[in-house]
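Undergrad: Generate a structure from the sequence data that follows.
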Amino acid sequence: MNKIFMHKTIMHTTVAILISFFLIVIADLVPFWMPMMGELVALVCVTVLLVVWASFVLSETAADEREVQLRVQSGRLAYLAGLAVLLCALIFQTLTHTIDPWIPVALAAMVLVKHISRLYLE
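TA: Coordinates of the predicted model:
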């Protein structure tokens with residue numbers, strides 16, 4: 001199979017998975033129309049879609065320096081976006097005095113793993 005065709009197929013598949021993921025997440029954010037069983041099914045679907053998407057991300061390989069640089073930049077932007085979302089959630093929940101313990105744990109894990117990985121890779 002042609003490498004460019006294979007790359008486009010993988011990209012289309014990952015985009016379809018991500019669109020499905022976001023549609024399910026948006027549907028799950030409006031809980032008044034979805035019964036409890038529907039929420040559980042949505043959670044299972046989100047989990048399966050994320051695992052499939054993660055397998056595509058983990059299996060991709062970079063062929064040249066430009067692709068390596070793009071992967072590094074996208075990883076950095078994803079890290080900063082996750083950090084910003086968790087920090088906003090932590091600030092909002094602090095102001096409402098209802099802190100979910102998973103938010104600071106996830107924030108600390110992100111920062112700790114980033115720091116350890118930099119130390120290890122340097």
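
Undergrad: domain ranges for this protein?
TA: 1-60, 64-122 (automatic domain parsing).

Undergrad: Can I get the ones you listed in JSON lines including mean neighbour count?
TA: (Glycine included, C-beta is placed from N, CA and C.) Shown next, in JSON lines, are these (neighbours: other Cβ atoms under 10 Å):
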{"stretch": "domain 1-60", "mean neighbour count": "12"}
{"stretch": "domain 64-122", "mean neighbour count": "11"}
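
Undergrad: Can you add mean pLDDT and give the ones you listed back as a markdown table?
TA: What follows is the domains of the chain, written out as a markdown table (pLDDT from 0 to 100):
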| stretch | mean pLDDT |
| --- | --- |
| domain 1-60 | 71 |
| domain 64-122 | 84 |
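
Undergrad: which is the next helix or strand following the strand or helix carrying T94?
TA: T94 is part of helix 65-96, with elements assigned from DSSP states H and E. Using DSSP H and E, the helix or strand that directly follows helix 65-96 along the chain is helix 102-121.

Undergrad: V46: helix or strand, and which one exactly?
TA: Going by DSSP H and E, V46 is part of helix 36-59.
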